[in-house]
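*Asks:* got a sequence here, can you build the structure:
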Amino acid sequence: MRFKLAALPLMLVAATAGAEEYNSFTNSTYENYEYTYSNTGSAGVTKRKSYDADYFNLGTTYFFGGKETLGPLKEFEYINKVSNVSAGFSHSNFGSEDIDSFTVGGEYFASNGIVVGAGIYDLWESNVDYQSIGYLFSPDFLVKLNHVDNDSDNEFSVEARYNHQLNSTDYVGFNLFVDEESDNRILSSKYFVHLSGEQYLTAELTYNSVKEYDDFWALGTEFFFSQRTSVEFDYNEQEDYKLGMTHFFNRNIAVEAAYLSNNDVSGDLDIYQLGLTVQL
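*Replies:* Model (predicted):
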């Protein structure tokens, strides 16, 4: 009996150490673009030219219920089922041109399974608003009908999201997006697996089929050394790649850094990213 009482606090710690719960997420990202290209003048002389661009984004989302981690502090369930509101601001600087954009939106999950969402983008002096309605057939299957009004056109699309739970932690998720004329079809999948201890791995695949264009695929993976630290690598058909890392100093604050590159016949593009995340 004495042993059981002494072990009880340890059991409680073990039961709660594997998951954290949050309600709000705020992310800020700074990106610097460096593009170098070849330019041939009228005299037939080719010169290398370059330009820089900067991009800043700040976004926040509040969930009206706790979001529980799956182990890593940045990983959550594949299908969100919690009502939320969000807002964002971004600023871009391309040479002498400054562009600001704003967005607000939200989703409501009713107890009978109906899901509704709406939002608006103030983008380059034009407003783009969107609405969605869907149904959560089960905790692992969600279907939504989306509508986007971009001032000059109305676009409808259907999105289906399915989660196949392999065990208490591991899953394979699938997401299918199809627009109203089937001109754009996107199929993506994510695999999440617990390796051992605090080590986890994700693998993602995206396949995009666009009418009158070549099909496009992208791959990505992220390895978690622990619940707080991870590295990632992404690669796609156009030979773009990304190397990045994320580290949580504590359960609330994380920093991210990444490098993205693409080299093609027209020029070389290098992107440097820095990010800060606050989860409460």
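
*Asks:* only C-alpha atoms for contact and neighbour calcs from this point on.
*Replies:* Noted.

*Asks:* can you report phi and psi for Phe192?
*Replies:* phi -120, psi 130 (degrees, to the nearest 10).

*Asks:* tally of neighbours for it?
*Replies:* For Phe192, the neighbour count with other Cα atoms under 10 Å is 22.

*Asks:* low-confidence ranges, the stretch 1-150 of the chain, go.
*Replies:* Along the stretch 1-150 of the chain, segments meeting pLDDT under 70 span 1-18, 38-49, 124-125.

*Asks:* can you pull out the helices in it?
*Replies:* Counting by DSSP state H, counting those that start in this stretch, the stretch 1-150 of the chain has helices at residues 2-17.

*Asks:* how about the strands of it, start to end?
*Replies:* Under the criterion DSSP state E, counting those that start in this stretch, the stretch 1-150 of the chain contains strands at 21-40, 46-68, 84-94, 97-109, 114-123, 126-138, 141-149.

*Asks:* what's stretch 200-212 in contact with?
*Replies:* By Cα atoms under 8 Å, 6 or more residues apart in numbering, the residues outside stretch 200-212 that reach it are 72, 182-195, 215-226.

*Asks:* which among the residues you listed count as buried?
*Replies:* Neighbour counting with 16 or more other Cα atoms under 10 Å marks 72, 184-194, 217-224, 226 as buried within the contacts of stretch 200-212.

*Asks:* so which of the residues you listed belong to strands?
*Replies:* In this view, the buried ones among the contacts of stretch 200-212 that belong to strands under DSSP state E are 184-194, 217-224.

*Asks:* which ones are touching Ile114?
*Replies:* Ile133, Gly134, Tyr135, Leu136.

*Asks:* please repeat the previous calculation with a cut-off of 10 Å.
*Replies:* Tyr108, Ile133, Gly134, Tyr135, Leu136, Phe137, Leu142, Val143, Lys144 (Cα atoms under 10 Å, 6 or more residues apart in numbering).

*Asks:* for Asn175, same thing?
*Replies:* 78-79, 141-143, 159-163, 186-190, 206.

*Asks:* what about Ser152, neighbour count?
*Replies:* 6.

*Asks:* swap in the one 10 residues further on?
*Replies:* Here the number of neighbours of Tyr162 (other Cα under 10 Å) works out to 19.
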